[in-house]
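Enquirer: The amino acid sequence is not available; the structure is as follows:
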């Protein structure tokens, strides 16, 4: 923000975008479907959360031979718990991941011992990970089958780097399936293995599926911070694509992709199923009753001859959106840290922010250093803008004299004012172009600070104990308003008295506006404003001294 006009232009653009986004979320068209909104009591809706066994690979509906059990079984299931150094998980007897707690990420600053739940199976907060097989009824387990397990508790010991948690299933014909989850120290990546052992006298045929099922959570409590929660798929052809809940309600996704991945993402955290890179999978979505949504993929059908085994693999990432970690998992997963259309600007800004943090060890000081660098990069543009404004300020006495002379003739006043600009070689719009050029950078910085999970609950100094939440004492917003008022004193006074009165209200209005912004963002504005004041004051003094000599 180089001057008051930048604040106004940026805020206008940002506010219009926010209003449009809010309108679309709250009042945009939604699909009203009886089959989706009615309670899940109709037998025809049972088992609809399993991809079809149909020969048609694009059909994502229930197969007629698997509609005899409901999607939600009221009976309690056996639970096994898994604890590593970074997560605690609960897996029920169907092999479904129903609880996942991130041990290093508390729910809030006030609850440091209460870890955030990424997976949960309550009615109001439903988010689970499922897997199983698409096969003829009874020949392979799906996520409604019952597995047995050897222990109810598994823990990664201090001397271990990996932990394997096996579950077992078999049928009367001799088909044995071992479902194993493999956890690694310090990692949010979970390996899934399905080992099918055919001890029957017939050829077994089936394919693995993995899917995420969740409801649509309540909106963000902040009016000004709107982040995306919903589905995502990635492919080499289309790259990163959002699959919104409304899109799932309207039509089911059906696409064949080599490798790729599908995910459900939210602010700061992501969960993604990642099939083998060399395997062509079919990606799908399903809209379920009670506004629950499924996104997943299934593999081709494989045959296992009698006496042979087949291993099906997949991986599940469930954790914070830390870019350097996600880049190591699979291609494109780091894009879940969404900087929008300005990603090509946002990524270098984040890289710089991370580098500074590596040196100073404090995200608040890193933000201040990034602000300084950005200010230096745009120094010449800011200088041009401030020179134009200083010249306009120097002309204020002459403009005021013209106004008094032609008070009753506005047309003549405008003519004389433009003539004065030409004589003095002043462009009244000279400060606008440098401002417009900088807007994409500042919008990118906004999204970098909003999307960076490392800032979550990150302290700065003194009373700022969380840069991702608003200043509890509103000191930074008040400083923001003060710096804005000082800048206003350095700007040319509007000729129109009504406009002048309105402009005087802006520091108050924007102070209130910034009270709801995360402290990290407001810290940036305060530092940038302070640097702008120093630069603008110096340039104004030089212009006024030159004008006084002539």
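Expert: Looks like it came in fine. Because the structure is predicted, anything quoted here is derived from the model rather than measured.

Enquirer: From now on I want contacts and neighbour counts done on CA atoms only, so please keep to that.
Expert: Fine.

Enquirer: neighbouring contacts of stretch 227-239?
Expert: 216, 220, 240-245, 257-267, 295, 332 (CA atoms under 8 Å, 6 or more residues apart in numbering).

Enquirer: In strands only, show me the residues you listed.
Expert: 240-243, 257-258, 261-266, 295 (DSSP state E).

Enquirer: between those, which is closest to residue 199?
Expert: Using CA to CA, residue 258 comes nearest to residue 199 of those, at 31.3 Å.

Enquirer: ok, what's across the strand from the closest one?
Expert: Beta-bridge pairing of residue 258 under DSSP bridges involves residue 280.

Enquirer: Show the contacting residues for it.
Expert: 235, 236, 277, 278, 279, 280, 281.

Enquirer: Leaving out sequence neighbours, find the closest residue to the last one.
Expert: Once its chain neighbours are removed from consideration, residue 281 has its nearest residue in residue 299; the separation is 4.7 Å (CA to CA, 6 or more residues apart in numbering).

Enquirer: That neighbour and residue 329, how far apart?
Expert: Per CA to CA, to the nearest Å, residue 299 is found 20 Å from residue 329.

Enquirer: again, but for residue 265
Expert: Residue 265 is 16 Å from residue 329, by CA to CA.

Enquirer: more neighbours, these two?
Expert: Counted by other CA atoms under 10 Å, residue 265 and residue 329 do not tie: residue 265 has more neighbours, with 23 against 16.

Enquirer: That one bridge partners, please.
Expert: residue 230, residue 270.

Enquirer: Quick check: it touching residue 271?
Expert: Yes: Residue 265 lies in contact with residue 271 (CA atoms under 8 Å); the separation is 6.1 Å.

Enquirer: Now do the shared contacts for the two.
Expert: Common neighbours of residue 265 and residue 271 (CA under 8 Å, 6+ apart) do not exist.

Enquirer: got a list of what residue 84 touches?
Expert: By CA under 8 Å, 6+ apart, the neighbours of residue 84 are 155, 156, 157, 183, 184, 185, 186.

Enquirer: wait, what's in contact with the last one?
Expert: Same thing as residue 186. 84, 85, 86.

Enquirer: Which of those residues fall within strands?
Expert: Using DSSP E, none of those sit in strands.

Enquirer: Narrow the contacts of residue 258 to just the buried residues.
Expert: Buried by 16 or more other CA atoms under 10 Å: 235, 280, 281, out of these.

Enquirer: Tell me where the stretch 1-150 of the chain has strands.
Expert: Using DSSP state E, counting those that start in this stretch, the strands of the stretch 1-150 of the chain run over residues 79-83, 87-92, 97-108, 111-121, 126-135.

Enquirer: list the helices and strands the shortest one packs on?
Expert: Other elements packing on strand 79-83 under the criterion 3 or more CA pairs under 8 Å, 6 or more residues apart in numbering; DSSP states H and E are strand 87-92, strand 153-155.

Enquirer: what's the distance between it and the middle of its chain?
Expert: Strand 79-83 sits 29 Å away from the centroid of its parent chain (CA atoms, centre = their mean, to the nearest Å).

Enquirer: How about stretch 107-117?
Expert: Using CA atoms, centre = their mean, the offset of stretch 107-117 from its chain centre is 20 Å.

Enquirer: who's in contact with that stretch?
Expert: 99, 100, 101, 102, 103, 104, 105, 106, 457, 466.

Enquirer: how about a cut-off of 7 Å?
Expert: Stretch 107-117 is contacted from outside by 100, 101, 102, 103, 105, 106, 457, using CA atoms under 7 Å, 6 or more residues apart in numbering.

Enquirer: so what's the most centrally placed residue in the chain up against?
Expert: Nearest residue to the geometric centre of the chain (CA atoms, centre = their mean): residue 267, 4.4 Å. Residue 267 makes contacts with 227, 228, 229, as judged by CA under 7 Å, 6+ apart.

Enquirer: Mind giving me the ChimeraX select for those, buried ones only?
Expert: Remark: buried members of the contacts of residue 267, expressed as a ChimeraX selection using 16+ other CA under 10 Å:
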select :227,229
